[in-house]
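Participant: how would this look folded up:
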Amino acid sequence: MSTKVCLVLAEKTIEKNLALLKRYKNYIDMAELRADCLNQNEILFLRKFPEKAEVPAILTVRRKSDGGFFTGGEGARMTIFARGLAYASGDPSKNFAYIDLESDFAASGIEDAAAAFGIQIIRSLHAKKPVSNIAKTVKELLHSETDIAKLAFPADSLNGMTEAFKAVKQLDGIRYIISVMGKYGITSRILSKKLGSEIVYTFSTEYIEKKDMQTELIDPITLHALYGFSHINKNTAVYGVIGKDINTSLSPHIHNKGFKRHGIDAVYVPVSATSAKEALTFAETAGLRAFSVTAPFKMEIIPEINGISGTS
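Facilitator: Residues are numbered from 1 along each chain as shown. Below is the predicted model of the structure:
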């Protein structure tokens, strides 16, 4: 399984979403159309989107209670899903490839239609607070063995990402997507292949800037150009820099360019943490080979050092 790069489309019109898709098409494998962000009259054109997109597409209608913008009732939401899935064509490119349904969503008609059209179901949970038992929560999301479980949750420290890396060791045989949100989770997107996540969600630079989420989200060009995402594999060595609010550090630019220039199979990532000890625990769990240390952990890390090299 190779992690697919997905561009989240949250514009108000189909035309604007398609324009964004065209701009990033060379850097993504698929797109998620957030129908809850569309103007009401745009819903009429939902079924035409997959064919025009020319990449596999996810249909999502996220409720406000789950962090989306849809405020209507479940009946109205099911109508939107039905409209999007109504293109019963023998050509899969004219249908949505996936449909995102929350774990508490129960509508056999929509699920049966998805199965009939060969549309994969993502069972999602967008938690509002950190999740204590990630593996158990992921398993409970599944309604059938063909579902893909998606768990997105905020982390209030780097420990949230550490727990995610621990949890995936208990998910053999399960298809899943794990997104750790917030400034402590951006590395989970860069290392989503190491997490075994089926999809990594990326956003346009315009969306990221508009929401002022430069330290939390990543665009597909940066994912590929800076971190060499397409080349990351199970053998890729991981290095990083630890600090507080380190996600905009220039260190990855320097080191990743060096790795590429010398043909080294490695990636260098930013790791924001609340303490040096927390960062060390994450490094051990996620398999980091080594990391640089910057403020405010330069003194704090000294008691944890068990050896000093004679080189400088």
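Participant: any idea how far Thr215 is from the residue lying closest to Pro56 once chain neighbours are set aside?
Facilitator: Closest residue in space to Pro56, ignoring its immediate chain neighbours: Ala97 at 3.6 Å, by C-beta to C-beta, 6 or more residues apart in numbering. Any C-beta I mention is one placed from the backbone N, CA and C, and that applies to glycine too. Taking C-beta to C-beta, to the nearest Å as the measure, Ala97 falls 31 Å from Thr215.
Participant: and if you look at Gly196?
Facilitator: From Gly196 over to Thr215 (counting by C-beta to C-beta), the distance is 25 Å.
Participant: and those two? which has more neighbours close in?
Facilitator: More crowded of Gly196 and Thr215, by other C-beta atoms under 10 Å: Gly196, with 19 against 16.
Participant: That one contacts Lys169, doesn't it?
Facilitator: No. Look at Gly196 against Lys169 with C-beta atoms under 8 Å: they stay out of range, at 9.3 Å.
Participant: rewinding a little: would you enumerate the residues in contact with the residue nearest to Pro56?
Facilitator: Counting by C-beta atoms under 8 Å, 6 or more residues apart in numbering, Ala97 touches Met30, Pro50, Pro56, Ala57, Ile58, Ile119, Gln120.
Participant: Check it and give its pLDDT.
Facilitator: Confidence at Ala97, expressed as pLDDT, is 93.
Participant: Repeat that for the one 4 residues further on.
Facilitator: Here, the pLDDT recorded for Leu101 equals 95.
Participant: ok, now which ones touch it?
Facilitator: Shown in contact with Leu101 (C-beta under 8 Å, 6+ apart): Phe81, Ile110, Glu111, Ile121, Ile122, Arg123, Ser124.
Participant: Check which helix or strand the closest residue to the first one other than its chain neighbours maps to.
Facilitator: Which is Phe81. Excluding the flanking residues, the one nearest Phe81 by C-beta to C-beta, 6+ apart is Ile110, at 5.1 Å. Ile110 belongs to helix 108-116 when elements are defined using DSSP states H and E.
Participant: Pull up the pairing partners for the helix or strand that comes right after that helix, direction included.
Facilitator: Using DSSP H and E, the helix or strand that follows helix 108-116 towards the C-terminus is strand 120-126. As defined by DSSP bridges, the strand partners of strand 120-126 come to strand 98-102 (parallel), strand 148-154 (parallel).
Participant: now the longest one: mean pLDDT?
Facilitator: The average of the pLDDT scores along strand 148-154 is 97.
Participant: swap in stretch 11-24?
Facilitator: Here stretch 11-24 scores 96 as its mean pLDDT.
Participant: Give the buried residues for that stretch.
Facilitator: Residues of stretch 11-24 classed as buried: Glu11, Ile14, Asn17, Leu18, Leu20, Leu21, Tyr24 (neighbour count, 16 or more other C-beta atoms under 10 Å).
Participant: Now the two most distant members of the residues you listed.
Facilitator: Ile14 and Tyr24 (16.1 Å; C-beta to C-beta).
Participant: all helices of the stretch 51-200 of the chain, in order?
Facilitator: Applying DSSP state H, counting those that start in this stretch to the stretch 51-200 of the chain gives helices spanning 74-85, 108-116, 134-141, 159-167, 186-190, 192-195.
Participant: The helix or strand that contains Val8 vs strand 98-102, what angle?
Facilitator: Assigned by DSSP H and E, Val8 falls within strand 4-9. Interaxial angle, strand 4-9 versus strand 98-102 (axes from the mean of the first three to the mean of the last three C-alpha atoms, to 10 degrees): 70 degrees.
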